[in-house]
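Engineer: From the sequence below, what's the structure:
(chains A and B)
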Amino acid sequence: MSNKNIRNFSIIAHIDHGKSTIADRLIERTGTLTKREMEDQVLDNMDIERERGITIKSQTVRLHYEAQDGEAYELNLIDTPGHVDFTYEVSRSLAACEGALLVVDAAQGVEAQTLANVYMALENDLEIIPVINKIDLPSADPERVKKEIEDVIGLDTSNAIECSAKTGQGIDEILEAIVADIPAPEGDASAPLRALIFDSYFDSYKGVIAHIRVKEGRIKKGQRLKMMATGKVFEVTDVGCFRPQPVDLGGLAAGEVGFVAGSLKDVRDVRVGDTITTAEKGAAEPLPGYRGVNPMVYCGLYPVESSDYDNLKDALEKLQLNDAALVFEPETSVALGFGFRCGFLGLLHMDVVQERLEREYHLKLITTAPTVIYHVFKTDGTMVKVSNPSELPPPTEIEHIEEPYVKATVIVPSDYVGAVMEISQEKRGEFKGMDYLDTNRVMITYHIPLNEIIFDYFDRLKSATRGYASLDYELADYKESKLVKVDILLNGDPVDALSTIVHKDRAASRGRALAAKLKEIIPQQMFEIPIQAAIGSKIIARENVRARRKDVLAKCYGGDISRKRKLLEKQKEGKKRMKAVGSVEVPQEAFMAILKID
Amino acid sequence: MQEKAWGLYVHLPFCRRKCFYCDFASYAGREAQMAAYVRVLGEELAREGGALLRRYGPPRTIYLGGGTPTALPPARMEELLSALHPFLVGGADGAALAREGSGAAGEGTHQRRNGGSADEAVPAQEVTCECNPGTVDAAYLALLRAGGVNRLSLGVQTLDDALLARIGRIHTAAEARAAVRLARAAGFRNISLDLMYGLPGQTLAGLRESVRAAIALAPQHLSIYGLMVEPGTVFAREQAQGRLALPSEEESEAMYNFMTTALPAAGYARYEISNFARPGFASRHNLGYWQDVPYLGVGAAAHSYLGGQRYENLAGIDDYLAAMAASGSARREEEPLTRATSMEEFAFLALRTVRGIEKARFAARFGCSLRSVYADVIDRLAARGLLVEDAETVHLTPLGMKYGNWAFEAFLLDE
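Structural biologist: Next up, the predicted model:
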């Protein structure tokens, strides 16, 4: 097919604005899947995605569309995630496209991630088609939303499409607009091959499968190709597109989106952002890659069974393959043994990785509380980056500490401005600005320590605004803060994995709250367990877990042994997530307790 | 016929009234079904029990439990005992002798008081009937004795009238005392009393008084049960409504400590976590459960353990009767025991007894040493003072008994 009949596009939207449902309708309308084959949110194929109703991974699908002009088009749709943690996925997908559908909820209007996504699309010079979704809702107000898009984003909405992915209204118009408004891809099919890898995953039969956008040249089955960054040479065994299952087409040419697989067994050979060319007479220069993503949040991941260490390592490597933002390196904890310090884009990302490790790799894990990266300037003039509180140098060696601040953008109905400001101040935020989107909705900007965001900032915002607040943030800069480390001692022994870094002014109250929370979480054992919070050598809080006095199961009725067994099994199950720290059995939740205090 | 030890359990799911803590298969207000139930029970007994009887001879122990077996009217109890007759050692002759002996039981109480010989006190076969003190009189007890029952387990629970009312018992302390007296008069030489602790409103002082009073009744055997609030019981409802004032953990522990020291001091040796007996009077039927002895259970909700497989009868009276009518069986196989689960059960059940796990028996049963499977667990628990290993056994320490569930749990193997 000639390039003029190809369209590559993404759908971008704030979370819950209906992106995946629109994708479903496009797949259905173009007959890519029959009605019988359709399941809701076909592109969200991970269990976690379906259960949580979110998109984590970008997905690609090729649609065949007979347009009203009588010509056949090949539409390559790349579905993208909406949550702030997965912004990097969006940015990679956008680099493979010429256009984007900007989906905005007709009742809710522009939200924080709508903005973030639009700015990214504009950076990539994409043609944007505004789509006002959910117009079937009684509260829909498409005119107000269009005005918001014009005022806030500055996009012309004269070509905006009103649709309802639920009823199917407007879907034909969207397909026509894709053909009419989004430019056909350019690129010389006879030039040396250059294909951008924008994603990859591991298939146990075919090895590593790379999602690619062919920018120039062509790929054929049997060809020998080279990864320009890693130098890995491989032979193409499968090349084709997703419909949405992989379909082998025997080749792909400039302008097309699809996948390539070959003798690629090692996940490290395939780097997202790398350029593929031919092994002989290849291109001289790689395509511009992506800006590397930097993790914002770190935590320790430890196997409950220390013998699972290698399995955990293997699983992290596999996940990293299609999750470029996941970083990890080995670390050792006195309390938890051997594990990994892992970096994530945010809490949802962390949560998702942890859940995938447990579900897909059947690992039982202990996760320590997330922290940010502190820049610690030492008295000897050097600076160390600390992402693990237990590695904070002693106070005498510290000149000062800087912590990361983010620029947080909050959009709320104007009634809640006071609530947002109050919470933001309390979270050590610095007010930066406020803009009215329309008479009712306000965009407020704050600089806030990332540390406070990962605590409970968004939860607090949501509850103080009845769920209306939307939040987006990006790293702003590092600033000096008065920070101290609070240590926790169990039974008199410090537990490194429970240490936390907090602002000096709230160290005492956090320490007390943490000790009290741990008292609730740590189950009674045969002996009393003192819990202490300390700053340096000074004890700032003390609690006691009282000893369990006895645990006897007396009656066995009429020989019902199974009932006894079930009780014991249940009891054992409850202890599975416990790690013996010294003589104390500590449940997984204890290491996250710091997030659960107010 | 190859003689082999086995136990027979007979479940009677009837109660005058449901106690507030009870979540066993027992039902009040079902008198109308008693006749049908006893008849069907007799059929199950004849078929299932008959097969075992022919293969292995009479069971070493028989146990009538409930519910309240003695909630059956005398005629129904007599019918049940007749159905059990073939299972008694000595068959018809032995039972006939017992019946003759009981003829004068009603009048001759004084002469018979300590008159039983040692042989009579420890007969070849233990036949127990659970008994609610509020349901028996001299004639009923005589009927039991005549029918071959030689051990009574009386649900006394406490000898404090206010507390008895508080937990929903239908009898008073005086009735409990009278029941013991009448039982002895009827010729029973092996009497066990159940006592409970940790009851709402119970104090350590009150418990001491009950225990003292129980010991004064000179039973051969005592069982002590700590109250557990089970879902679906009156107590569970009260607890949810905040109306159940249980003793504190410390008080409850003090009660446990008191009982586990006071009873041995009074001559009742602890032979199992919650059971105490005069020498020679340990409950052989219950020991069978802990010692891997096979048993047949008949009646609703009864459990069986035969040929290394566990079975469960349907628990509801209606379900049981319907299934028996339809197919002649209300029994379902439980999940088959694997080698691993058999080992687990062998271990954690044996640990309930003071003797503990006999290493030679474990090795004979599984063809490998206890240590080859459980070395880590044994060492870990021993280090915490919960158990002790000696040349022949691995057994819980008194501390281990107190934290029994933790020790048992450790013997569950990872899949």
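
Engineer: wait, isn't A:Gly207 in contact with A:Gly262?
Structural biologist: Yes: in this structure, A:Gly207 is within contact of A:Gly262 by CB atoms under 8 Å, at 7.5 Å. Backbone N, C-alpha and C define where each C-beta goes, glycine included.

Engineer: Domain-wise, how is chain B divided?
Structural biologist: Here the domain assignment for chain B is B:7-290, B:338-415, based on automatic domain parsing.

Engineer: Quick check, central residue of chain B?
Structural biologist: For chain B, B:Asn286 is the residue whose C-alpha lies nearest the centre (CA atoms, centre = their mean; 5.8 Å).

Engineer: Tell me which residue of chain A lies closest to chain B.
Structural biologist: Closest to chain B within chain A is A:Arg549: 3.6 Å, counting by CB to the nearest CB.

Engineer: That residue - nearest residue in space that isn't next to it in sequence?
Structural biologist: Leaving aside its sequence neighbours, A:Arg549 sits nearest to B:Glu253 (CB to CB, 6 or more residues apart in numbering or on different chains; 3.6 Å).

Engineer: B:Asp160 versus that neighbour, what's the distance?
Structural biologist: 20 Å (CB to CB, to the nearest Å).

Engineer: now A:Ala516
Structural biologist: Taking CB to CB, one finds A:Ala516 at 39 Å from B:Asp160.

Engineer: A:Met421 now?
Structural biologist: From A:Met421 to B:Asp160 the distance is 64 Å (CB to CB).

Engineer: sorry, back to before: and the residue nearest to A:Arg549, helix, strand or coil?
Structural biologist: Under DSSP: H, G, I helix; E, B strand; the rest coil, B:Glu253 falls in the helix class.

Engineer: Pretty sure B:Met259 sits in a helix.
Structural biologist: Yes: assessed by three-state DSSP, B:Met259 belongs to a helix.

Engineer: That one: neighbour count?
Structural biologist: For B:Met259, the count of nearby residues is 23 (other CB atoms under 10 Å in any protein chain shown).

Engineer: I'd say the residue nearest to the centre of chain B and B:Glu272 touch.
Structural biologist: Yes: the pair B:Asn286 / B:Glu272 is scored as a contact, 7.1 Å apart, by CB under 8 Å.

Engineer: from the stretch 151-300 of chain B, which residue is nearest to chain A?
Structural biologist: For the stretch 151-300 of chain B, CB to the nearest CB, closest residue to chain A: B:Glu253, 3.6 Å.

Engineer: Please name the residues that touch the closest residue in space to A:Ile182 that isn't next to it in sequence.
Structural biologist: In this structure, A:Ile182 finds its nearest non-sequential neighbour in A:Gly99, 3.2 Å apart by CB to CB, 6+ apart. By CB atoms under 8 Å, 6 or more residues apart in numbering or on different chains, the contact list for A:Gly99 reads A:7-10, A:126-129, A:178, A:181-183.

Engineer: now do 10 Å
Structural biologist: Neighbouring residues of A:Gly99 by CB atoms under 10 Å, 6 or more residues apart in numbering or on different chains: A:7-10, A:121, A:124-129, A:177-178, A:181-183.

Engineer: Sort out which of these are buried, if you could.
Structural biologist: A:7-10, A:121, A:124, A:126-129, A:177-178, A:182 (16 or more other CB atoms under 10 Å in any protein chain shown).

Engineer: how about those in TSV, adding distance to A:Leu483, secondary structure and pLDDT?
Structural biologist: TSV is the format used below for the buried ones among the contacts of A:Gly99 (distance: CB to CB, whole Å; DSSP: H, G, I helix; E, B strand; the rest coil; pLDDT from 0 to 100):
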residue	distance to A:Leu483	secondary structure	pLDDT
A:Arg7	51	strand	94
A:Asn8	47	strand	93
A:Phe9	46	strand	93
A:Ser10	40	strand	90
A:Ala121	38	helix	87
A:Asn124	38	coil	84
A:Leu126	41	coil	91
A:Glu127	46	strand	93
A:Ile128	42	strand	94
A:Ile129	47	strand	94
A:Ala177	52	helix	94
A:Ile178	51	helix	94
A:Ile182	49	coil	94
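
Engineer: which of those lies closest to A:Ile398?
Structural biologist: A:Asn124 (42.3 Å; CB to CB).

Engineer: list the contacts for the nearest residue in space to that closest one that is not next to it in sequence?
Structural biologist: Leaving aside its sequence neighbours, A:Asn124 sits nearest to A:Leu94 (CB to CB, 6+ apart; 4.5 Å). Residues counted as contacts of A:Leu94 (CB under 10 Å, 6+ apart) are A:9-10, A:12, A:58, A:78, A:80, A:100, A:117, A:120-126, A:198.

Engineer: If we use 8 Å, what do you get?
Structural biologist: A:10, A:12, A:80, A:100, A:120-121, A:124, A:126.
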